[in-house]
Each structure stands twice: as structure tokens, then as C-alpha cells.
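Trainee: pasting a predicted model and its sequence here:
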Amino acid sequence: MSLAQRVLLSWFFALIFLIMLVLKLDETIHWNWFLIFLPVWTFDTILILMLVVKMAGRCKPDFDPRDGEQSLKQRLWYLAALLLKLAFCLSLCSRLESLIDMWLSVVCVPLWVLLGGALVELGHSVFKYRRD
């Protein structure tokens, strides 16, 4: 999938999600919150499948790790980040539908872990080349 297709797909799913969210918050539609977040989960599922296929490609016998590919650790971090985002969305929808009775701060724990990990990864990528 080319970069332009990925960008277009991202914008399309974000647009559908935002339209559905605005209609739900405006009380025009009375759908379930899980249905409102369906475009987000569909996009995340596509990303997870693409990531798993790329990680499985490393298992080929003729794979050369020096071809400039991302490291396995980085791809595992991307997979963990997507799963943390899914966990946050699921717990948020459960809270909004009153299926669980949790504090909002507990619901946001996967999001905070994701943001903390993103800061660590950003710091690592910025200061990686300064080790002289």
C-alpha cells in the first residue's frame, strides 16, 4: 500500500468517525458507542494486519536485516501501541455505555501508558545519534 493510499484511508476513516461522533453528541442518532467507534477499530485492524504481515516477512529464509528495514523491537512497539489504543477505546466505550463502573482516570490508563511510551520512543529517536 503506497503512502498516498494510507493517507487517504486514514483521512476517510477519521472523517467517518468524526461525522458519527458529532451526530451522536448532537443526539441526532441514538446508536451504541461501540458502533460509533467502529471506523476507528476497522482502521486499527487494518494497521495490525499490515504490521503482522510485515513482521512475518522477517521469517523468510532469504531475509537480510541490513536492507534498511525497521527493527523488530520497533515493530513490536508499534503493535503494542495499537493494542493499547484499542484497550483505551474499548474501556472508554464500556464506560460510556455504562457497562462497567470505573473512574475515568482508570479508563485512561492505557492512553497514559501509550503517551509515555511514545515520549520514550521519541526521546530515543532524537538522541540516538548523539552518542559520540
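Mentor: Received it, and whenever you're ready, just let me know what you need. Small disclaimer: the values here were computed from a predicted structure and weren't measured.

Trainee: which SS class is Met55?
Mentor: Using DSSP: H, G, I helix; E, B strand; the rest coil, the structure places Met55 in helix.

Trainee: who's in contact with it?
Mentor: By C-beta atoms under 8 Å, 6 or more residues apart in numbering, the contact list for Met55 reads Leu72, Arg75, Leu76, Leu79. C-betas here are computed from N, CA, C, even on glycine.

Trainee: next: Gly117.
Mentor: Trp77, Ala80, Ala81, Leu84.

Trainee: I figured the last one hits Leu115, correct?
Mentor: Spelled out, that is Leu84. No: counting by C-beta atoms under 8 Å, Leu84 stays clear of Leu115, with 9.4 Å between them.

Trainee: compare these two (neighbour count), which wins?
Mentor: Each of Leu84 and Leu115 has its neighbours counted (other C-beta atoms under 10 Å); Leu84 has more, 19 against 13.

Trainee: mind listing residues that contact stretch 43-51?
Mentor: Contacts for stretch 43-51 (C-beta under 8 Å, 6+ apart): Met1, Leu9, Ser10, Phe13, Arg75, Tyr78, Leu79, Leu82, Leu83, Lys85, Leu86.
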